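**Q** Fold the following for me, if possible:
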Amino acid sequence: MHFLAFRFKRAHLRTLALTRPKAAEFELTPARFDLLYAVSKYAFTLCPQAEIRRILGVARATVSRMLKSLEDLGFIVRTPSPFDKRCKDVTLTDIGLMRVRECYGEVNLGDYVQEKYENAFELSADDRFIRVDELHTAVSRVARWIGDTATLEYPTFHPDD
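**A** Okay, the predicted model is just below:
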């Protein structure tokens, strides 16, 4: 395995280890949270189930299984599409939207990750935001180049905003 791929894998696994207990407090997993967050972007419109697959870059069966569990928890509702009865549209329930909002701050780890990044690169207050944006762009390019098709983007926040 390429040394950078190994480090990305380890960072990903560590991130999951940090976010899993936080998400569990809200009856979620990190993956279920990603799905709810993606659907929340369509809060006032219908989100086609096929669109969720594209946004998350995962298999149809994975999305179907995750949606079933979220439906059982009462966080989402699936309805036949008015345009194509073979397709389903997904909407958040009120409790699902509330869950996304409550959980976001807990699973985001924004301040924690930001602090670790600044310490690792010994960044000054003047250049830290530019450098984080550069890293995000570089990692996103690598992900696309190696075949990642997910389009879900979390917002980037600067503490001074």
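
**Q** Val58 should be in a helix, yeah?
**A** No. Secondary structure of Val58 (DSSP: H, G, I helix; E, B strand; the rest coil): coil, not part of a helix.

**Q** Can you tell me the closest non-neighbouring residue to it?
**A** Leaving out its chain neighbours, the residue that sits closest to Val58 by C-beta to C-beta, 6 or more residues apart in numbering is Ala150, at 7.7 Å. For every residue, glycine as well, the C-beta is placed using N, CA and C.

**Q** Please name the residues that touch the one you found.
**A** With contacts defined as C-beta atoms under 8 Å, 6 or more residues apart in numbering, Ala150 is in contact with Ile55, Leu56, Gly57, Val58, Ala143.

**Q** Save the residues you listed as JSON lines, and put in neighbour count and distance to Glu134 too.
**A** JSON lines is the format used below for these (neighbours: other C-beta atoms under 10 Å; distance: C-beta to C-beta, whole Å):
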{"residue": "Ile55", "neighbour count": "22", "distance to Glu134": "25"}
{"residue": "Leu56", "neighbour count": "20", "distance to Glu134": "25"}
{"residue": "Gly57", "neighbour count": "14", "distance to Glu134": "23"}
{"residue": "Val58", "neighbour count": "18", "distance to Glu134": "28"}
{"residue": "Ala143", "neighbour count": "14", "distance to Glu134": "15"}
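
**Q** Spit out the contact partners of the most centrally placed residue in the chain.
**A** When C-alpha atoms, centre = their mean is applied to the chain, the residue found nearest the centroid is Asp34 (3.5 Å). Residues in contact with Asp34 (C-beta under 8 Å, 6+ apart) are Leu56, Leu152.

**Q** That one belongs to a strand, doesn't it?
**A** No. Assigned with three-state DSSP, Asp34 falls outside any strand and is helix.

**Q** Good, we can wrap up now.
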